[in-house]
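S.K.: Give me a model of this one.
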Amino acid sequence: MKFIIPQNYNFKNKILGILDYQTAIFIVIWCLITFGLLHIFIKNWDIKIFLFISLQKKDMFETVKNRRTIRKYLSKDITPDLLNDLLETSFRASTMGGMQLYSVVVTRDAEMKEKLSPAHFNQPMVKSAPVVLTFCADFHRFSKWCEQRKAVPGYDNLMSFMNASMDTLLVAQTFCTLAEEVGLGICYLGTTTYNPKMIIDALRLPELVFPLTTITVGYPDGIPAQVDRLPLEAAVHEEMYHDYTPEEIDKLYAYKESLPESKQFIEENKKETLAQVFTDVRYTKKDNEFMSENLLKVLRRQGFLK
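M.R.: Below you'll find the model as predicted:
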């Protein structure tokens with residue numbers, strides 16, 4: 001949100017850098033409204049003040065454009081009030097039919113992090129982050145409510161899992177955007193769906209609850225370089241999907257392929273192209289098929305597939 005000067009503002013009315021009466025009143029009213037809204041919707045005073053100052057200086061576009069994935073964290077705790085405010089605010093994200101088909105398991109305890117770590121291939125941020133959040137698709141709570149209100153739930157199916165998944169990921173990303181806006185760093189762990197059974201057992205997730213993504217959160221210990229992204233035209237299609245010609249593919253991936261780190265990946269993995277690093281090393285057909293089969297088994301175990 002940016003401060004907008006009224007159209008009828010006359011710069012000649014400024015005397016020695018002091019704002020005129022009309023503009024001063026406008027600024028005071030704008031500030032009161034902004035802070036009033038923050039006071040209504042956010043309980044924690046630290047986050048209120050931080051967001052209020054942020055609104056005067058920059059907008060969220062800049063935060064998102066400059067974001068980085070943070071894998072190293074300071075040994076500084078995140079207060080329960082701050083974390084709960086971020087979570088509660090993220091729950092305002094869009095949700096299927098107002099059902100809120102998600103749950104978030106907060107892990108702070110070192111022993112619990114030890115249990116979760118193998119499921120994430122022992123990536124160091126699982127143990128080093130002050131907080132680990134497991135975002136779960138959850139039809140369990142809603143189904144229990146239905147049963148206790150003389151309604152018969154029918155959510156043990158793929159469509160229900162898809163609906164709960166969309167709800168969960170919307171909340172997860174909203175949380176991440178808010179967390180980064182207040183100076184925290186986050187890292188998504190894609191390993192959550194690689195080893196869901198281990199996470200389900202460690203967190204004691206009941207039927208119709210499935211872990212979708214894990215996010216480590218903390219105050220950044222350093223700011224890493226920003227990772228590249230494809231240009232806008234790579235992913236935006238006007239009116240209908242436009243398939244890519246070979247020439248367009250070359251153009252869209254040219255910058256990524258030209259990066260020194262990309263060339264290093266190719267050399268280290270003894271491959272001819274960057275694409276081969278992805279298909280032959282990082283995300284292979286064999287691994288994807290194995291994990292897909294495992295995913296289906298766990299979905300059945302959790303009651304989402306019959």
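
S.K.: Can you verify residue 119 is assigned to a strand?
M.R.: No: applying DSSP: H, G, I helix; E, B strand; the rest coil, one finds residue 119 to be helix, outside a strand.

S.K.: Which pLDDT value goes with it?
M.R.: For residue 119, the pLDDT comes out at 97.

S.K.: Repeat that for residue 92.
M.R.: Residue 92 is given a pLDDT of 97.

S.K.: My understanding was that it contacts residue 174; is that so?
M.R.: Yes: contact status for residue 92 versus residue 174: in contact at 7.5 Å, counting by Cβ atoms under 8 Å. The C-beta positions use only the backbone N, C-alpha and C, and glycine is treated the same way.

S.K.: Those two: who's more crowded?
M.R.: The neighbour comparison of residue 92 against residue 174 (other Cβ atoms under 10 Å) goes to residue 174, with 18 against 11.

S.K.: That one sits in which helix or strand?
M.R.: helix 158-181 (DSSP states H and E).

S.K.: Next, residue 233: phi, psi?
M.R.: Backbone torsions of residue 233, given as degrees, to the nearest 10, read phi -70, psi -10.

S.K.: And for residue 145?
M.R.: Dihedral angles for residue 145 - degrees, to the nearest 10 - are phi -60, psi -40.

S.K.: Please report the distance of it from residue 272.
M.R.: Relative to residue 272, residue 145 is positioned 56 Å away (Cβ to Cβ, to the nearest Å).

S.K.: Between those two, point out the one with more neighbours.
M.R.: residue 145 (12 against 9).

S.K.: Was I right to think residue 207 contacts residue 300?
M.R.: No: the criterion here is Cβ under 8 Å, and residue 207 misses it with residue 300 at 10.7 Å.

S.K.: the helices in the stretch 151-300 of the chain, which residues?
M.R.: 158-181, 196-203, 246-258, 260-268, 274-277, 285-301 (DSSP state H, counting those that start in this stretch).

S.K.: any chance of those helices in TSV, with distance to residue 101 and mean pLDDT too?
M.R.: Formatted as TSV, the helices of the stretch 151-300 of the chain follow (distance: least, Cβ to Cβ, whole Å; pLDDT from 0 to 100):
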stretch	distance to residue 101	mean pLDDT
helix 158-181	4	97
helix 196-203	17	98
helix 246-258	35	98
helix 260-268	38	96
helix 274-277	36	97
helix 285-301	15	96
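
S.K.: Out of those, which is closest to residue 63?
M.R.: helix 158-181 (5.2 Å; Cβ to Cβ).

S.K.: Now stretch 219-234: buried residues?
M.R.: 219, 220 (16 or more other Cβ atoms under 10 Å).

S.K.: okay, now the domains of this structure?
M.R.: 11-63, 67-225, 234-295 (automatic domain parsing).

S.K.: how about those in JSON lines, adding distance to residue 306?
M.R.: Shown next, in JSON lines, are these (distance: least, Cβ to Cβ, whole Å):
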{"stretch": "domain 11-63", "distance to residue 306": "42"}
{"stretch": "domain 67-225", "distance to residue 306": "7"}
{"stretch": "domain 234-295", "distance to residue 306": "16"}
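
S.K.: and the ones you listed, which is most packed in?
M.R.: Ranked by mean neighbour count under mean count of other Cβ atoms under 10 Å, the domains of the chain are led by domain 67-225, which reaches a mean of 18.

S.K.: circling back to that earlier point, among the domains of the chain, which is nearest residue 305?
M.R.: Once those are compared by Cβ to Cβ, domain 67-225 is nearest, at 6.3 Å.

S.K.: So, low pLDDT: which residues of the stretch 51-200 of the chain?
M.R.: 51-58 (pLDDT under 70).

S.K.: so what's the closest residue to residue 70 other than its chain neighbours bridging to?
M.R.: The shortest distance from residue 70 to any non-neighbouring residue, by Cβ to Cβ, 6 or more residues apart in numbering, is to residue 185 (2.7 Å). Beta-bridge partners for residue 185, by DSSP bridges, are residue 218.

S.K.: Tell me the spacing between residue 185 and residue 131.
M.R.: For residue 185, the distance to residue 131 - Cβ to Cβ - is 11 Å.
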